[in-house]
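Student: Structure here, sequence nowhere to be found:
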Ligand code: GCO
């Protein structure tokens, strides 16, 4: 048993978090370039101006990926790097970067998986109303068409959006993310609908332009696992994970995934959002629900729940001193069994884990190495759960670890280290951590070493 033979072992990053070169070669501004300049917005005033300088060092980084043995690399394309105004004029130098990156990956035997949008929205379009503008899905389609036409000979695997829960929820509702523009619920729901329409248009244009391309989506969302394996607790966890009431908006799963995979907003959500719902034009839901080749999900942790004895659920508190990561997220390996299982039951689409990983207090030791036993332990625990799901018939086709290397962790700047490769931000020296070698063995043995 174990993992399927053709399991896709990968690693993930995102453009703003690693590329740097924020003001080079004609790149346009993104909302993150602007947000980072706002006093107090990001930990100690850090910015992605230089980040891991991947824009200049991608060949060295791809060589390390080859050494790691990953089969696939998930990275994102910076929309304003190739379209500085968001639409219209193409920045050839920016385009060349992605052409060369894809070429380098292919030569290393690594399949490129491109995320089309991982939060670095063109500032020029934000000034035109961003996702609130009814034209915003058309702008996205234009960008995706250009990506498809120019990169489609090298890149055949795509994700449309990364974590819409976060870029809408934390950028326009919570204050942690760019552009930090608090909005009414009505506007949030309108933006969400436009993002979903943009997703549908993107899938269509990719399929029209690149024959045989494979397209997915990479949302996240709060999820729950059963505190025990009693059937009523399992049902409670399923209910909690797919409930779309006010408490799960905008961070829940079904609001963002039911339209895409099932062609409709969740009923309980529609009831809860009644007064604030945007108008839905005829054909919108059909456009949003384009068939997908795989369903990506970013999964880091879940919360335990149990049945309340009345057909509903209640949270079970984690024990005092529960294990947690450096960013203070609980370590709950069970989520990599239960959530893929629930998602596959509901959406019946092959699953890719598009992100999972751990922030640790990593440092270079006296011996010049980076020892990260906690990350190794974390990965083994989580991946054993994923293996169980796979062995029980959940179609899981791959796993992308977050992250290939340490990088800019949004409003926490460089304070969090999620990578398998340590980055010294003063010298840009890369040092593979112990987990890098451990993951290499996991890949080599197709999970036998877990
Ligand atoms: C997210 C993003 C990544 C993060 C990672 C760790 O989930 O927030 O997709 O860009 O860096 O998840 O927080």
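Tutor: Okay, I see it. Model, not experiment: these values are computed from the prediction.
Student: Can you name every helix or strand that the host helix or strand of residue 160 contacts?
Tutor: Assigned by DSSP states H and E, residue 160 belongs to strand 157-162. Applying 3 or more Cβ pairs under 8 Å, 6 or more residues apart in numbering; DSSP states H and E, one finds that strand 157-162 makes contact with strand 72-76, strand 111-117, helix 185-209, strand 214-218. The C-beta positions use only the backbone N, C-alpha and C, and glycine is treated the same way.
Student: go again using 7 Å as the cut-off
Tutor: If you count contacts as 3 or more Cβ pairs under 7 Å, 6 or more residues apart in numbering; DSSP states H and E, strand 157-162 packs onto strand 111-117, helix 185-209, strand 214-218.
Student: With mean neighbour count, distance to the ligand and mean pLDDT added, can I get these in JSON lines?
Tutor: Formatted as JSON lines, the helices and strands packed on strand 157-162 follow (neighbours: other Cβ atoms under 10 Å; distance: least, Cβ to the nearest ligand atom, whole Å; pLDDT from 0 to 100):
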{"stretch": "strand 111-117", "mean neighbour count": "24", "distance to the ligand": "9", "mean pLDDT": "99"}
{"stretch": "helix 185-209", "mean neighbour count": "21", "distance to the ligand": "15", "mean pLDDT": "98"}
{"stretch": "strand 214-218", "mean neighbour count": "24", "distance to the ligand": "8", "mean pLDDT": "98"}
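Student: what angle sits between the strand holding residue 160 and strand 72-76?
Tutor: Calculated by axes from the mean of the first three to the mean of the last three Cα atoms, to 10 degrees, strand 157-162 forms an angle of 40 degrees with strand 72-76.
Student: Write out the residues of the stretch 151-300 of the chain neighbouring the ligand.
Tutor: 162-163, 166, 220, 298 (Cβ under 6 Å from any ligand atom).
Student: Can you flag the buried ones in those residues?
Tutor: Burial by neighbour count, judged by 16 or more other Cβ atoms under 10 Å, picks out 162-163, 166, 220, 298 from these.
Student: can you name the two of the residues you listed that are farthest apart?
Tutor: 166 and 298 (9.1 Å; Cβ to Cβ).
Student: Need the nearest residue in space to residue 293, chain neighbours excluded.
Tutor: Leaving aside its sequence neighbours, residue 293 sits nearest to residue 214 (Cβ to Cβ, 6 or more residues apart in numbering; 4.3 Å).
Student: Show me what that neighbour bridges to in the sheet.
Tutor: With DSSP bridges as the criterion, residue 214 is bridged to residue 157.
Student: low pLDDT regions in the chain?
Tutor: Low-confidence segments of the chain, defined by pLDDT under 70, are absent.
Student: could you redo the last one with a cut-off of 80?
Tutor: For the chain, the stretches with pLDDT under 80 are 174.
Student: Now do the contacts for the residue nearest the centre of the chain.
Tutor: Centroid-nearest residue in the chain: residue 162, 4.3 Å away (criterion: Cα atoms, centre = their mean). Residue 162 makes contacts with 14, 76, 115, 117-119, 218, as judged by Cβ atoms under 7 Å, 6 or more residues apart in numbering.
Student: if you set the cut-off to 8 Å instead, what comes out?
Tutor: Neighbour list for residue 162: 14, 76, 115, 117-119, 218-219, 298, 354 [criterion: Cβ atoms under 8 Å, 6 or more residues apart in numbering].
Student: doesn't residue 174 make contact with residue 410?
Tutor: No - counting by Cβ atoms under 8 Å, residue 410 sits too far from residue 174 to count as a contact (11.6 Å).
Student: if I look at the residue nearest to the centre of the chain, how far off is residue 168?
Tutor: Noted for residue 162: a distance of 12 Å to residue 168, by Cβ to Cβ, to the nearest Å.
Student: what does residue 240 give?
Tutor: For residue 240 relative to residue 168 (Cβ to Cβ), the value is 22 Å.
Student: Settle it for me: which of residue 410 and residue 174 has more neighbours?
Tutor: Of the pair residue 410 and residue 174, residue 410 is the one with more neighbours under other Cβ atoms under 10 Å, namely 24 against 15.
Student: Nearest residue to the more buried one in space, ignoring adjacent ones along the chain?
Tutor: Using Cβ to Cβ, 6+ apart, the closest residue to residue 410 is residue 177 (6.3 Å).
Student: you'd agree that neighbour is up against residue 412?
Tutor: No - using Cβ under 8 Å, residue 177 makes no contact with residue 412, being 11.1 Å away.
Student: Name the residue in these two with the higher neighbour count.
Tutor: Shown here are residue 177 and residue 412; by other Cβ under 10 Å, residue 177 has more neighbours (21 against 15).
Student: Where do the helices of the stretch 251-400 of the chain begin and end?
Tutor: In the stretch 251-400 of the chain, the helices defined using DSSP state H, counting those that start in this stretch lie at 254-262, 267-272, 284-288, 335-347, 373-391.
Student: for the fourth one, packing partners?
Tutor: Meaning helix 335-347. strand 224-226, helix 231-241, helix 254-262, strand 295-298, strand 351-355, helix 373-391.
Student: same thing but at 10 Å, please
Tutor: When contacts are defined as 3 or more Cβ pairs under 10 Å, 6 or more residues apart in numbering; DSSP states H and E, helix 335-347 packs onto strand 224-226, helix 231-241, helix 254-262, strand 295-298, strand 303-307, strand 351-355, helix 373-391, strand 396-402.
Student: Flag every buried residue along the second one.
Tutor: In terms of neighbour count (16+ other Cβ under 10 Å), helix 231-241 has its buried residues at 233-234, 236-238, 240-241.
Student: re earlier: overlap in contacts, residue 410 and residue 174.
Tutor: Residues touching both residue 410 and residue 174 (Cβ atoms under 10 Å, 6 or more residues apart in numbering) are residue 166.
Student: Would stretch 375-383 count as contacting the ligand?
Tutor: No - counting by Cβ under 6 Å from any ligand atom, the ligand has no neighbours in stretch 375-383; the shortest distance is 13.2 Å.
Student: Figure out how far that stretch is from the centre of its chain.
Tutor: Centre-to-centre, stretch 375-383 and its host chain are 19 Å apart (Cα atoms, centre = their mean, to the nearest Å).
Student: which outside residues touch that stretch?
Tutor: 3, 9, 299-301, 323, 325-326, 331-337, 353, 356-360, 362, 372, 399, 401, 417-420, 433-439, 442, 447, 449-450.
Student: just to revisit the earlier point, isn't the residue nearest to residue 293 up against residue 112?
Tutor: No - using Cβ atoms under 10 Å as the test, residue 214 is too far from residue 112 to be in contact (11.5 Å).
Student: Overlap of the contact sets of those two?
Tutor: Counting by Cβ under 10 Å, 6+ apart, the common neighbours of residue 214 and residue 112 are 156-158.
Student: quick one: which of these is most hemmed in?
Tutor: residue 158 (26 neighbours).
Student: Residue 102 is in contact with that one, correct?
Tutor: No - counting by Cβ under 10 Å, residue 158 does not reach residue 102; the two are 12.0 Å apart.
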